[in-house]
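J.: What follows is a predicted protein model with its sequence.
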Amino acid sequence: MIFKKGELFSGPGGLSLGAKMAQLIDPETGKQLKDWGIEHRWANDYDPDACSTFRLNICDKPDDSSVHCGPVENLPIGDKSVLGDIDCFSFGFPCNDYSQVGEKHGLDGKFGPLYSYGVKVLRQYQPKFFVAENVGGLQSANEGQAFIQILLELKDCGYILTPHLYKFEEYGVPQARHRIIIVGIRNDLADKGIHFKVPAPTITTPSEYRTSYDAITNPPIAEDASNNELPKHTKKVTEMLSHIPPGGNAWHPSIPEHLRLKVKGAKLSSIYKRLDPNRPSYTVTGSGGGGTHMYHWSELRALTNRERARLQTFPDDYVFVGSKESVRKQIGMAVPPKGAQIVFEAILKSFAGIQYDWVEPSFDIDALKEKQQLILEELSSEHKQMAFNL
């Protein structure tokens, strides 16, 4: 069975590359079942460079018309003469308003409500399954109400949901990146016995996690690799870095007073933080000013975009289009393809009836609904008490 996939908020193609790489292996023969897989049908993103990257790598055509570049608000969702029919759907809806770094507006922010376009696709197309992705901070946005509301709307589209907080370092990704992924199987298919289970971590001992050193150096990055331009720094920055040990940051006590940052308030641990070569990297991000570019454990510099792409498990022949800052943003906002591949392969196994190791999901929707009701009751009591006091 070949599933044709549509995608919103596709970025440079992390989810789609994971889907494209997903294979189904016959447990008896050990051979790939080539009549099972996931193929790209259409995609949308508002970032022109990300769309160009997607076309070049996922579609193999720099001008492929199946990638619709522009605001999702302008996309003719439901018009199958433009967006053809699909069997499955993925969307990493924008995380800006749910991230732990930022103002955390949740559903009240500019980007928070954009998940609703994914809901619209599900109602219009009723694909067999979907995969939705967002940051771990989604579970606490709007005092937990945003996550519950999104889950209930997705469920009401006619799906059995399995939401889980994936810690990607437990799946071979050389990065401590924790993301909520929601897998939905259409109700009628679930009634026929197709049930998705969270794939068990492939690595259970932290000492066996893939390190940033291994990811960046094994094999060495070719001299002519794309997106691998070395960054430039001021003399003061390189001198400061020389006093920061692997794993340390801009507030390490070994930094001389005259080189220390004159910053008041919170001291973010990722500012001028150097990688620890013996551990997975900290989370690759797509934005931020000076000091947020991730720093090499031994060389006095920030990482190149190709090194960041390796931490995100993009292969070296995956070429990113755009300026250095645009490429940095694309890489940081993407889903690690290797992590996505594991999820998509578990979905294929679920449809094929192939058993695999699994774990209980992080979230129980019924328990979350009860929590929501308690929050609403507490808010109601507070309002009544305020009225009484007045």
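T.: Arrived safely. Worth saying up front: this structure is predicted, and the values here are computed from it rather than measured.
J.: where in the stretch 251-390 of the chain is pLDDT low?
T.: Along the stretch 251-390 of the chain, segments meeting pLDDT under 70 span 264-267, 372-390.
J.: Show me where it has its helices.
T.: Taking DSSP state H, counting those that start in this stretch to define them, one finds helices in the stretch 251-390 of the chain at 305-311, 324-333, 337-352, 365-389.
J.: Not counting sequence-adjacent ones, nearest residue to Trp36?
T.: Leu24 (3.9 Å; CB to CB, 6 or more residues apart in numbering). For every residue, glycine as well, the C-beta is placed using N, CA and C.
J.: My understanding was that the one you found contacts Leu33; is that so?
T.: Yes. With contact defined as CB atoms under 8 Å, Leu24 counts as touching Leu33 (4.5 Å).
J.: Which neighbours do the two have in common?
T.: Ala352 (CB atoms under 8 Å, 6 or more residues apart in numbering).
J.: Compare the two (neighbour count), which wins?
T.: Leu24 (20 against 15; other CB atoms under 10 Å).
J.: quick one: low-confidence parts of the stretch 1-150 of the chain?
T.: Residues of the stretch 1-150 of the chain meeting the criterion pLDDT under 70: 94-112, 139-144.
J.: residue ranges for the strands of it, please.
T.: 2-8, 37-45, 67-69, 88-91, 129-135 (DSSP state E, counting those that start in this stretch).
J.: Give me the sheet partners of the second one and which way each runs.
T.: Yep, that's strand 37-45 we're talking about. strand 2-8 (parallel), strand 67-69 (parallel) (DSSP bridges).
J.: Which of those strands has the highest mean neighbour count?
T.: Across these, the average number of neighbours (mean count of other CB atoms under 10 Å) peaks for strand 2-8, which reaches a mean of 22.
J.: Tell me how far that one lies from the chain's centre.
T.: From the chain centre to the centre of strand 2-8 is a distance of 17 Å (CA atoms, centre = their mean, to the nearest Å).
J.: Give me the angle between it and strand 129-135.
T.: Angle of strand 2-8 versus strand 129-135, following axes from the mean of the first three to the mean of the last three CA atoms, to 10 degrees, is 40 degrees.
J.: got the angle between strand 2-8 and helix 337-352?
T.: 130 degrees.
J.: Determine which residue lies closest to the centroid of the chain.
T.: Residue closest to the average C-alpha location in the chain (CA atoms, centre = their mean): Val335, at 3.3 Å.
J.: Tell me if I'm right that it and Glu133 touch.
T.: Yes. Val335 lies in contact with Glu133 (CB under 8 Å); the separation is 5.6 Å.
J.: hey, what's in contact with both of these two?
T.: Leu15, Gly92, Arg179.
J.: so which of these comes closest to Ser116?
T.: Comparing the shared contacts of Val335 and Glu133 against Ser116 with CB to CB places Gly92 closest, at 14.7 Å.
J.: The closest one: neighbour count?
T.: 24.
J.: related to what we said a few turns ago, what are the phi and psi values at the residue nearest to Trp36?
T.: phi -110, psi 120 (degrees, to the nearest 10).
J.: residues touching it, list them.
T.: Taking CB under 8 Å, 6+ apart, one finds Gln32, Leu33, Trp36, Gly37, Glu345, Leu348, Lys349, Ala352, Ile354 in contact with Leu24.
J.: what's around the third one, how many residues?
T.: So that's Trp36. So Trp36, with other CB under 10 Å, has 20 neighbours.
J.: swap in the last one?
T.: For Ile354, the tally of surrounding residues (other CB under 10 Å) stands at 16.
J.: Report the separation between it and Gly84.
T.: Distance from Ile354 to Gly84, counting by CB to CB, to the nearest Å: 29 Å.
J.: can you check Gly136 too?
T.: Relative to Gly84, and taking CB to CB, Gly136 is found at 34 Å.
J.: out of those two, which sits in the more crowded spot?
T.: Between Gly136 and Gly84, counting by other CB under 10 Å, Gly136 is the more crowded of the two (18 against 13).
J.: My guess is that one contacts Arg177. True?
T.: No. Applying CB under 8 Å as the test, Gly136 and Arg177 come out as separate, 9.3 Å apart.
J.: that older thread, the shared contacts of Val335 and Glu133 in helices, which ones?
T.: In helices, judged by DSSP state H, the following of the shared contacts of Val335 and Glu133 are found: Leu15.
J.: Would you mind giving the shared contacts of Val335 and Glu133 as JSON lines with distance to Cys69 added?
T.: Below are the shared contacts of Val335 and Glu133 laid out as JSON lines (distance: CB to CB, whole Å):
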{"residue": "Leu15", "distance to Cys69": "17"}
{"residue": "Gly92", "distance to Cys69": "16"}
{"residue": "Arg179", "distance to Cys69": "25"}
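J.: picking that back up, as TSV, the strands paired with strand 37-45 with distance to Ser212 would be great.
T.: Converted to TSV, these look like this (distance: least, CB to CB, whole Å):
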stretch	distance to Ser212
strand 2-8	29
strand 67-69	32
